[in-house]
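Q: next input, structure requested:
(one chain, ligands or ions: 1)
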Amino acid sequence: MQNAWREGNRFTLLPEASCFLPAMFEAVNAARHYVLVELYLMESGRLADQVIDVLSNAVQRGVCVCLLLDGYGSMKLTNGDRQRLEQSGVQLRFFNPIGFHSLALNLSRDHRKIVVIDGEQAFTGGFGAVDEFLNAWYEIALRIDGPVVTDWEQLFRRLWNSRLTRAGKEGANAGSLPERREPQAHPNGMPGRAMSARGYRYQAIRHSLHDRVNRAETRLWLCTPYFVPTFALRRRLVRAARRGIDVRLLLPGAKHDHPGVRFAGQRFYQSLLKAGVRIFEFQPTFIHAKFVLADEWVSIGSCNFDHWNLHWNLEANQEAIDPQLAADVRQLFERNFAASQEVDAAAWAERPWGQRAREWVYGLMDGIIMRLK
Ligand SMILES: O=P(O)(O)OC[C@H](O)CO
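A: Sure, this is the predicted structure:
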(Lines give C-alpha, C1' and ligand atoms only; values in the text may rest on other atoms or scores of the structure.)
Protein backbone atom coordinates (compact mmCIF):
# COMPACT_ATOMS: atom_id res chain seq x y z
CA MET A 1 0.00 0.00 0.00
CA GLN A 2 1.42 3.38 -1.00
CA ASN A 3 2.63 5.62 1.84
CA ALA A 4 1.33 3.26 4.53
CA TRP A 5 2.85 3.31 8.02
CA ARG A 6 4.58 0.04 8.84
CA GLU A 7 5.61 -1.17 12.28
CA GLY A 8 8.75 -3.01 13.33
CA ASN A 9 11.54 -1.03 11.64
CA ARG A 10 15.01 0.00 12.73
CA PHE A 11 16.46 3.31 11.61
CA THR A 12 20.13 4.28 11.81
CA LEU A 13 21.29 7.81 11.12
CA LEU A 14 24.54 7.91 9.15
CA PRO A 15 25.85 11.47 9.21
CA GLU A 16 28.61 12.39 6.75
CA ALA A 17 30.14 10.40 3.92
CA SER A 18 32.79 8.94 6.23
CA CYS A 19 29.92 7.10 7.92
CA PHE A 20 27.45 6.29 5.15
CA LEU A 21 29.77 5.31 2.30
CA PRO A 22 31.51 2.50 4.23
CA ALA A 23 28.11 1.34 5.56
CA MET A 24 26.64 1.16 2.07
CA PHE A 25 29.67 -0.53 0.55
CA GLU A 26 29.72 -3.04 3.39
CA ALA A 27 26.02 -3.78 2.83
CA VAL A 28 26.58 -4.33 -0.92
CA ASN A 29 29.57 -6.56 -0.13
CA ALA A 30 27.39 -8.63 2.18
CA ALA A 31 24.46 -8.92 -0.29
CA ARG A 32 23.53 -12.50 -1.19
CA HIS A 33 20.60 -12.08 -3.58
CA TYR A 34 20.17 -8.63 -5.12
CA VAL A 35 21.16 -4.98 -4.97
CA LEU A 36 18.90 -2.26 -6.40
CA VAL A 37 20.35 1.24 -6.74
CA GLU A 38 18.54 4.35 -7.94
CA LEU A 39 20.39 7.67 -8.12
CA TYR A 40 19.89 11.13 -9.54
CA LEU A 41 23.58 12.05 -9.77
CA MET A 42 26.34 9.77 -11.05
CA GLU A 43 29.40 11.30 -12.71
CA SER A 44 32.68 9.66 -13.65
CA GLY A 45 35.32 10.15 -10.99
CA ARG A 46 36.80 8.59 -7.89
CA LEU A 47 33.51 7.84 -6.16
CA ALA A 48 31.89 6.48 -9.32
CA ASP A 49 34.94 4.18 -9.71
CA GLN A 50 34.43 2.87 -6.19
CA VAL A 51 30.71 2.34 -6.84
CA ILE A 52 31.39 0.53 -10.12
CA ASP A 53 33.96 -1.73 -8.41
CA VAL A 54 31.71 -2.64 -5.52
CA LEU A 55 28.72 -3.34 -7.79
CA SER A 56 30.82 -5.37 -10.24
CA ASN A 57 32.24 -7.45 -7.38
CA ALA A 58 28.71 -8.19 -6.20
CA VAL A 59 27.77 -9.45 -9.69
CA GLN A 60 30.85 -11.69 -9.68
CA ARG A 61 29.62 -13.26 -6.45
CA GLY A 62 26.33 -14.13 -8.22
CA VAL A 63 24.28 -11.20 -6.87
CA CYS A 64 21.80 -9.57 -9.26
CA VAL A 65 22.61 -5.83 -9.48
CA CYS A 66 20.25 -3.28 -11.06
CA LEU A 67 21.30 0.35 -11.41
CA LEU A 68 18.71 2.97 -12.38
CA LEU A 69 20.11 6.43 -13.09
CA ASP A 70 18.39 9.64 -14.00
CA GLY A 71 18.98 10.38 -17.69
CA TYR A 72 20.03 13.98 -16.99
CA GLY A 73 21.85 13.52 -13.66
CA SER A 74 24.06 10.83 -15.21
CA MET A 75 25.06 12.76 -18.34
CA LYS A 76 28.62 13.13 -17.02
CA LEU A 77 29.03 9.37 -16.62
CA THR A 78 31.36 8.51 -19.49
CA ASN A 79 30.58 5.88 -22.11
CA GLY A 80 33.60 3.98 -20.80
CA ASP A 81 32.09 3.76 -17.33
CA ARG A 82 28.68 2.78 -18.72
CA GLN A 83 30.36 -0.02 -20.67
CA ARG A 84 32.34 -1.07 -17.63
CA LEU A 85 29.13 -1.43 -15.66
CA GLU A 86 27.26 -3.35 -18.31
CA GLN A 87 30.18 -5.58 -19.27
CA SER A 88 30.61 -6.57 -15.64
CA GLY A 89 26.97 -7.73 -15.65
CA VAL A 90 25.29 -4.80 -13.90
CA GLN A 91 21.82 -4.22 -15.37
CA LEU A 92 21.70 -0.54 -16.28
CA ARG A 93 18.73 1.66 -17.08
CA PHE A 94 18.17 5.40 -17.43
CA PHE A 95 15.07 7.31 -16.46
CA ASN A 96 13.76 9.79 -19.02
CA PRO A 97 16.91 10.71 -21.02
CA ILE A 98 16.79 14.27 -22.38
CA GLY A 99 15.09 14.21 -25.77
CA PHE A 100 13.22 16.18 -28.41
CA HIS A 101 9.94 16.24 -26.58
CA SER A 102 8.12 18.68 -24.35
CA LEU A 103 10.04 20.91 -21.96
CA ALA A 104 7.86 19.66 -19.13
CA LEU A 105 8.87 16.06 -19.83
CA ASN A 106 12.55 17.01 -19.96
CA LEU A 107 12.23 18.86 -16.65
CA SER A 108 10.73 15.84 -14.93
CA ARG A 109 13.71 14.17 -13.23
CA ASP A 110 14.18 11.17 -10.98
CA HIS A 111 15.70 12.85 -7.97
CA ARG A 112 15.35 9.89 -5.60
CA LYS A 113 18.26 8.18 -3.86
CA ILE A 114 17.54 4.54 -3.06
CA VAL A 115 19.70 1.52 -2.29
CA VAL A 116 17.96 -1.79 -1.48
CA ILE A 117 19.88 -4.87 -0.34
CA ASP A 118 18.23 -8.32 -0.54
CA GLY A 119 14.81 -6.81 0.17
CA GLU A 120 15.86 -6.49 3.83
CA GLN A 121 17.74 -3.24 4.11
CA ALA A 122 17.52 0.12 2.39
CA PHE A 123 19.42 3.40 2.39
CA THR A 124 18.20 6.83 1.46
CA GLY A 125 19.36 10.41 1.89
CA GLY A 126 20.65 13.15 -0.37
CA PHE A 127 23.70 11.28 -1.72
CA GLY A 128 24.84 10.63 -5.28
CA ALA A 129 27.88 9.08 -6.93
CA VAL A 130 29.84 12.26 -7.62
CA ASP A 131 33.14 13.23 -6.03
CA GLU A 132 31.64 16.18 -4.15
CA PHE A 133 30.11 13.65 -1.76
CA LEU A 134 33.54 12.33 -0.78
CA ASN A 135 34.29 15.38 1.36
CA ALA A 136 33.42 18.68 -0.35
CA TRP A 137 29.70 18.57 0.52
CA TYR A 138 28.07 17.80 3.85
CA GLU A 139 25.61 14.94 3.43
CA ILE A 140 23.74 12.38 5.50
CA ALA A 141 22.01 9.05 4.91
CA LEU A 142 19.59 6.80 6.75
CA ARG A 143 19.79 3.01 7.00
CA ILE A 144 16.40 1.30 7.13
CA ASP A 145 15.85 -2.30 8.24
CA GLY A 146 12.42 -3.87 8.40
CA PRO A 147 9.02 -4.06 6.73
CA VAL A 148 9.09 -0.56 5.22
CA VAL A 149 11.95 -1.70 2.95
CA THR A 150 9.28 -3.41 0.89
CA ASP A 151 7.89 0.01 -0.09
CA TRP A 152 11.32 1.31 -1.09
CA GLU A 153 11.75 -1.75 -3.26
CA GLN A 154 8.32 -1.21 -4.76
CA LEU A 155 9.24 2.37 -5.71
CA PHE A 156 12.34 1.09 -7.47
CA ARG A 157 10.54 -1.73 -9.28
CA ARG A 158 7.80 0.53 -10.58
CA LEU A 159 10.23 3.04 -12.06
CA TRP A 160 12.51 0.34 -13.47
CA ASN A 161 9.54 -0.79 -15.57
CA SER A 162 8.24 2.71 -16.38
CA ARG A 163 7.61 3.61 -20.01
CA LEU A 164 10.03 6.53 -19.49
CA THR A 165 12.90 4.24 -18.49
CA ARG A 166 15.41 3.16 -21.14
CA ALA A 167 17.94 0.33 -21.18
CA GLY A 168 21.65 1.11 -21.39
CA LYS A 169 23.54 0.62 -24.69
CA GLU A 170 24.12 -3.09 -24.10
CA GLY A 171 20.34 -3.50 -23.54
CA ALA A 172 20.77 -7.27 -23.47
CA ASN A 173 21.81 -7.01 -19.85
CA ALA A 174 18.68 -5.14 -18.87
CA GLY A 175 16.73 -8.27 -18.06
CA SER A 176 14.02 -8.86 -15.54
CA LEU A 177 14.21 -7.96 -11.88
CA PRO A 178 15.09 -10.61 -9.31
CA GLU A 179 12.41 -12.39 -7.36
CA ARG A 180 11.28 -10.29 -4.48
CA ARG A 181 12.22 -11.09 -0.87
CA GLU A 182 10.16 -9.97 2.11
CA PRO A 183 11.79 -8.18 5.05
CA GLN A 184 11.25 -9.30 8.65
CA ALA A 185 9.72 -7.11 11.33
CA HIS A 186 11.96 -6.38 14.33
CA PRO A 187 10.55 -6.85 17.82
CA ASN A 188 10.37 -3.39 19.43
CA GLY A 189 10.89 -1.84 15.98
CA MET A 190 9.53 1.58 15.13
CA PRO A 191 6.85 2.86 12.75
CA GLY A 192 7.91 4.35 9.45
CA ARG A 193 6.62 5.01 5.98
CA ALA A 194 8.27 5.54 2.61
CA MET A 195 6.83 8.69 1.10
CA SER A 196 7.04 9.40 -2.61
CA ALA A 197 6.14 12.35 -4.76
CA ARG A 198 5.82 12.95 -8.48
CA GLY A 199 5.98 16.68 -9.19
CA TYR A 200 2.73 18.59 -8.95
CA ARG A 201 0.77 15.45 -9.87
CA TYR A 202 1.39 13.72 -6.57
CA GLN A 203 2.54 15.73 -3.58
CA ALA A 204 2.42 13.40 -0.60
CA ILE A 205 5.80 14.52 0.86
CA ARG A 206 4.82 18.15 0.76
CA HIS A 207 1.37 17.57 2.27
CA SER A 208 2.84 15.46 5.03
CA LEU A 209 5.37 18.19 5.89
CA HIS A 210 2.60 20.81 5.95
CA ASP A 211 0.58 18.65 8.28
CA ARG A 212 3.55 18.22 10.64
CA VAL A 213 4.33 21.95 10.65
CA ASN A 214 0.69 22.64 11.53
CA ARG A 215 0.71 20.05 14.31
CA ALA A 216 4.19 20.64 15.80
CA GLU A 217 4.04 21.17 19.55
CA THR A 218 7.58 22.16 20.50
CA ARG A 219 10.00 22.05 17.59
CA LEU A 220 10.20 22.25 13.82
CA TRP A 221 13.76 22.15 12.47
CA LEU A 222 14.37 21.88 8.74
CA CYS A 223 17.59 21.48 6.75
CA THR A 224 17.66 21.96 2.98
CA PRO A 225 20.36 23.06 0.53
CA TYR A 226 17.94 24.79 -1.85
CA PHE A 227 15.61 26.92 0.24
CA VAL A 228 13.08 28.44 -2.12
CA PRO A 229 9.90 27.58 -0.24
CA THR A 230 6.38 27.80 -1.55
CA PHE A 231 4.00 30.40 -0.18
CA ALA A 232 2.07 27.60 1.56
CA LEU A 233 5.18 26.39 3.44
CA ARG A 234 6.30 29.93 4.36
CA ARG A 235 2.88 30.71 5.74
CA ARG A 236 2.94 27.57 7.87
CA LEU A 237 6.45 28.27 9.17
CA VAL A 238 5.45 31.81 10.11
CA ARG A 239 2.30 30.63 11.88
CA ALA A 240 4.20 27.94 13.77
CA ALA A 241 6.81 30.45 14.96
CA ARG A 242 4.07 32.89 16.00
CA ARG A 243 2.38 30.29 18.13
CA GLY A 244 5.62 29.74 20.02
CA ILE A 245 7.06 26.68 18.27
CA ASP A 246 10.87 26.59 18.03
CA VAL A 247 11.18 26.94 14.25
CA ARG A 248 14.72 26.82 12.86
CA LEU A 249 16.15 26.53 9.36
CA LEU A 250 19.59 25.06 8.66
CA LEU A 251 20.65 26.40 5.26
CA PRO A 252 23.90 26.70 3.30
CA GLY A 253 26.09 29.76 3.73
CA ALA A 254 28.24 31.33 1.03
CA LYS A 255 29.66 27.91 0.07
CA HIS A 256 26.95 26.86 -2.38
CA ASP A 257 26.92 25.02 -5.70
CA HIS A 258 24.17 27.31 -7.05
CA PRO A 259 24.58 30.70 -5.30
CA GLY A 260 21.67 32.13 -7.31
CA VAL A 261 19.30 29.70 -5.59
CA ARG A 262 20.53 30.95 -2.23
CA PHE A 263 19.83 34.56 -3.19
CA ALA A 264 16.38 33.63 -4.49
CA GLY A 265 15.58 32.06 -1.10
CA GLN A 266 17.09 34.87 0.92
CA ARG A 267 14.34 37.20 -0.27
CA PHE A 268 12.09 35.40 2.22
CA TYR A 269 14.41 35.75 5.22
CA GLN A 270 13.06 39.05 6.49
CA SER A 271 9.44 37.98 6.89
CA LEU A 272 10.48 34.67 8.45
CA LEU A 273 12.89 36.33 10.90
CA LYS A 274 10.23 38.88 11.83
CA ALA A 275 7.87 36.05 12.77
CA GLY A 276 10.52 34.49 15.01
CA VAL A 277 11.92 31.81 12.70
CA ARG A 278 15.64 31.33 13.43
CA ILE A 279 17.89 30.91 10.38
CA PHE A 280 21.34 29.30 10.55
CA GLU A 281 23.75 29.39 7.61
CA PHE A 282 26.20 26.46 7.68
CA GLN A 283 29.81 27.61 7.34
CA PRO A 284 32.28 24.68 6.96
CA THR A 285 31.18 23.42 3.52
CA PHE A 286 28.14 23.32 1.26
CA ILE A 287 25.43 21.46 3.17
CA HIS A 288 23.48 19.32 0.71
CA ALA A 289 21.47 17.22 3.20
CA LYS A 290 17.68 17.28 3.39
CA PHE A 291 16.10 16.37 6.74
CA VAL A 292 13.35 17.58 9.03
CA LEU A 293 12.54 17.11 12.70
CA ALA A 294 9.07 17.95 14.03
CA ASP A 295 8.85 16.88 17.69
CA GLU A 296 9.57 13.12 17.35
CA TRP A 297 8.72 12.91 13.65
CA VAL A 298 11.68 12.69 11.26
CA SER A 299 11.76 12.91 7.47
CA ILE A 300 14.98 12.20 5.54
CA GLY A 301 15.46 11.68 1.82
CA SER A 302 15.77 13.39 -1.52
CA CYS A 303 13.21 16.18 -1.22
CA ASN A 304 14.62 19.70 -0.95
CA PHE A 305 11.17 21.14 -0.13
CA ASP A 306 11.77 23.91 -2.68
CA HIS A 307 9.05 24.59 -5.22
CA TRP A 308 11.23 23.46 -8.13
CA ASN A 309 11.58 19.96 -6.62
CA LEU A 310 7.95 19.91 -5.63
CA HIS A 311 6.82 20.91 -9.11
CA TRP A 312 8.86 18.62 -11.34
CA ASN A 313 10.72 15.81 -9.64
CA LEU A 314 10.22 12.29 -8.47
CA GLU A 315 11.17 12.30 -4.82
CA ALA A 316 11.24 9.83 -1.95
CA ASN A 317 11.66 10.36 1.79
CA GLN A 318 11.62 8.07 4.80
CA GLU A 319 9.37 9.25 7.59
CA ALA A 320 9.75 7.76 11.04
CA ILE A 321 8.40 8.23 14.53
CA ASP A 322 11.24 6.92 16.62
CA PRO A 323 12.43 8.62 19.83
CA GLN A 324 16.01 7.40 19.39
CA LEU A 325 16.23 8.56 15.77
CA ALA A 326 14.62 11.88 16.74
CA ALA A 327 17.24 12.32 19.49
CA ASP A 328 20.06 11.52 17.02
CA VAL A 329 18.66 13.97 14.47
CA ARG A 330 18.27 16.61 17.15
CA GLN A 331 21.92 16.22 18.15
CA LEU A 332 22.95 16.38 14.52
CA PHE A 333 21.03 19.63 14.09
CA GLU A 334 22.61 21.04 17.24
CA ARG A 335 26.12 20.19 16.05
CA ASN A 336 25.39 21.84 12.73
CA PHE A 337 23.78 24.93 14.30
CA ALA A 338 27.01 25.31 16.27
CA ALA A 339 28.96 25.26 12.98
CA SER A 340 26.64 27.87 11.47
CA GLN A 341 26.22 31.59 11.59
CA GLU A 342 22.81 32.65 12.84
CA VAL A 343 21.24 35.38 10.76
CA ASP A 344 20.54 38.38 12.97
CA ALA A 345 17.15 39.95 12.23
CA ALA A 346 18.24 43.54 12.90
CA ALA A 347 21.42 43.23 10.83
CA TRP A 348 19.50 41.52 8.02
CA ALA A 349 17.02 44.40 7.88
CA GLU A 350 20.00 46.72 7.25
CA ARG A 351 21.67 44.55 4.58
CA PRO A 352 23.32 46.39 1.68
CA TRP A 353 21.52 47.24 -1.55
CA GLY A 354 23.80 44.97 -3.56
CA GLN A 355 22.47 41.99 -1.63
CA ARG A 356 18.86 43.17 -2.06
CA ALA A 357 19.44 43.57 -5.81
CA ARG A 358 20.74 40.00 -6.10
CA GLU A 359 17.72 38.70 -4.18
CA TRP A 360 15.46 40.63 -6.54
CA VAL A 361 17.16 39.45 -9.75
CA TYR A 362 17.29 35.77 -8.74
CA GLY A 363 13.78 36.00 -7.31
CA LEU A 364 12.56 37.29 -10.66
CA MET A 365 14.33 34.43 -12.48
CA ASP A 366 12.81 31.96 -10.04
CA GLY A 367 9.34 33.38 -10.74
CA ILE A 368 9.88 33.04 -14.51
CA ILE A 369 11.19 29.48 -14.26
CA MET A 370 8.22 28.44 -12.15
CA ARG A 371 5.86 29.60 -14.88
CA LEU A 372 7.39 27.13 -17.37
CA LYS A 373 5.04 24.31 -18.21
O1 LIG B 1 19.36 17.88 -6.78
P2 LIG B 1 20.13 17.46 -5.55
O3 LIG B 1 19.55 18.04 -4.33
O4 LIG B 1 20.39 16.00 -5.48
O5 LIG B 1 21.52 18.15 -5.72
C6 LIG B 1 22.25 17.99 -6.86
C7 LIG B 1 22.49 19.34 -7.43
O8 LIG B 1 21.43 19.68 -8.28
C9 LIG B 1 23.77 19.38 -8.15
O10 LIG B 1 24.06 20.70 -8.52
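
Q: and this structure, which residues reach the ligand?
A: By the rule C-beta under 6 Å from any ligand atom, the part of the chain lying against the ligand is 40, 41, 111, 126, 128, 257, 304. Using the backbone N, CA and C atoms, a C-beta is placed for each residue, glycine as well.

Q: how deep is the residue nearest to residue 107 when sequence neighbours are not counted tucked in, by neighbour count?
A: Counting by C-beta to C-beta, 6 or more residues apart in numbering, the nearest residue to residue 107 once its immediate chain neighbours are dropped is residue 312, at 4.7 Å. Residues near residue 312, counting by other C-beta atoms under 10 Å, number 19.

Q: please parse this structure into its domains.
A: Taking automatic domain parsing as the domain assignment, the ranges for the chain are 6-167, 196-370.

Q: switch those domains over to JSON lines; also include mean pLDDT.
A: Formatted as JSON lines, those follow (pLDDT from 0 to 100):
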{"stretch": "domain 6-167", "mean pLDDT": "96"}
{"stretch": "domain 196-370", "mean pLDDT": "94"}
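
Q: I'd like to know how far whichever residue of the chain sits closest to the ligand sits from residue 24.
A: The ligand sits closest to residue 257 of the chain, with a gap of 4.6 Å, by C-beta to the nearest ligand atom. Per C-beta to C-beta, to the nearest Å, residue 257 is found 22 Å from residue 24.

Q: comparing these two, which shows the higher neighbour count?
A: Each of residue 257 and residue 24 had its neighbours counted (other C-beta under 10 Å), and the higher figure belongs to residue 24 (24 against 14).

Q: show me what contacts the more buried one?
A: The contact partners of residue 24, taken as C-beta atoms under 8 Å, 6 or more residues apart in numbering, are 115, 123, 141.

Q: how about residue 152?
A: Applying C-beta under 8 Å, 6+ apart, we find residue 152 in contact with 114, 116, 122, 124, 144, 194, 316, 318.

Q: in what helix or strand does it lie?
A: With elements delineated by DSSP states H and E, residue 152 resides in helix 149-160, which encompasses its position.

Q: what comes up buried for the stretch of helix or strand residue 355 belongs to?
A: Under the assignment given by DSSP H and E, the secondary-structure element containing residue 355 is helix 353-370. For helix 353-370, the buried set under the neighbour-count rule, 16 or more other C-beta atoms under 10 Å, comprises 358, 359, 362, 363, 366.

Q: can you show me the helices along the stretch 201-350 of the chain?
A: Taking DSSP state H, counting those that start in this stretch as the criterion, the stretch 201-350 of the chain contains helices spanning 204-215, 231-242, 259-266, 269-275, 307-312, 323-338, 345-349.

Q: alright, calling it a day.
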